[in-house]
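Q: sharing a model prediction with you, sequence too.
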Amino acid sequence: MAVGERGSAYLWLMGVLVVLGLIMGRAIEVASTQADRQRERTLLQVGDAYRRAIASYAALPGSDGSLPRSVEDLLQDPRASEPVRHLRRAYADPVSGQPMQLIRREDEGIVGVHSPSDRPPLMRRGFALRYKEFEKAERIADWQFLFQPSGQAKN
């Protein structure tokens, strides 16, 4: 192989490596975006599980309709003689990995949860009617999963 041929083969190989690097970078970006979208879908499920658990707690037969004071109240309802679990476990925020942030109503208890994540959401439409206002959210922390008493319930 002549000297000029080795140089052009080297340049060709470098070009191929640059193209492969660009392709791999794009593939990683797409995979990361897909993972973020999945975490947002999981957040919708987790947040709704908390909302339903709070509703279940408030609707416990024989109770006064009070709200839970802590997540532990949702895990093991202290008002019931038999064990009642309104929530299977204390779920972490799937987006940030941190605990879900509790939304409290003054001196009444927990009315909802939200993610602590300040990043903008990827999902902008296609929400259930109950969460239609999420379309306007500037950050994921604005997605608030709130229990609405029966007279104020949204679908």
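A: Received it, and whenever you're ready, just let me know what you need.

Q: can you give me the strands for this structure?
A: Assigned by DSSP state E, the chain shows strands spanning 101-105, 109-114, 144-146.

Q: name the residues that touch the second one?
A: Spelled out, it's strand 109-114. Residues from elsewhere that reach strand 109-114, judged by C-beta atoms under 8 Å, 6 or more residues apart in numbering: 47, 50-51, 54, 66-71, 74, 100-105, 141-147. Any C-beta I mention is one placed from the backbone N, CA and C, and that applies to glycine too.

Q: the shortest one now?
A: Counting by C-beta under 8 Å, 6+ apart, the neighbours of strand 144-146 from elsewhere in the structure are 47, 48, 50, 51, 103, 111, 112, 113, 114, 131.

Q: gap between it and the chain center?
A: 11 Å (C-alpha atoms, centre = their mean, to the nearest Å).

Q: so which bits of it are buried?
A: 144, 145, 146 (16 or more other C-beta atoms under 10 Å).

Q: now do the first one against residue 114, distance only.
A: Going back to what we said before, that points to residue 144. 5 Å (C-beta to C-beta, to the nearest Å).

Q: per-residue pLDDT, the residue nearest the centre of the chain?
A: With distances taken as C-alpha atoms, centre = their mean, residue 43 lies nearest the centre of the chain, 2.1 Å away. What the model reports as pLDDT for residue 43 is 97.

Q: okay but it is in contact with residue 134, surely?
A: No: the criterion here is C-beta atoms under 8 Å, and residue 43 misses it with residue 134 at 10.3 Å.

Q: spatially nearest residue to residue 121 (excluding sequence neighbours)?
A: Closest residue to residue 121 apart from its sequence neighbours, by C-beta to C-beta, 6 or more residues apart in numbering: residue 140 at 5.1 Å.

Q: what sits against residue 105?
A: 67, 111.

Q: ok, what's across the strand from it?
A: Beta-bridge pairing of residue 105 under DSSP bridges involves residue 109.
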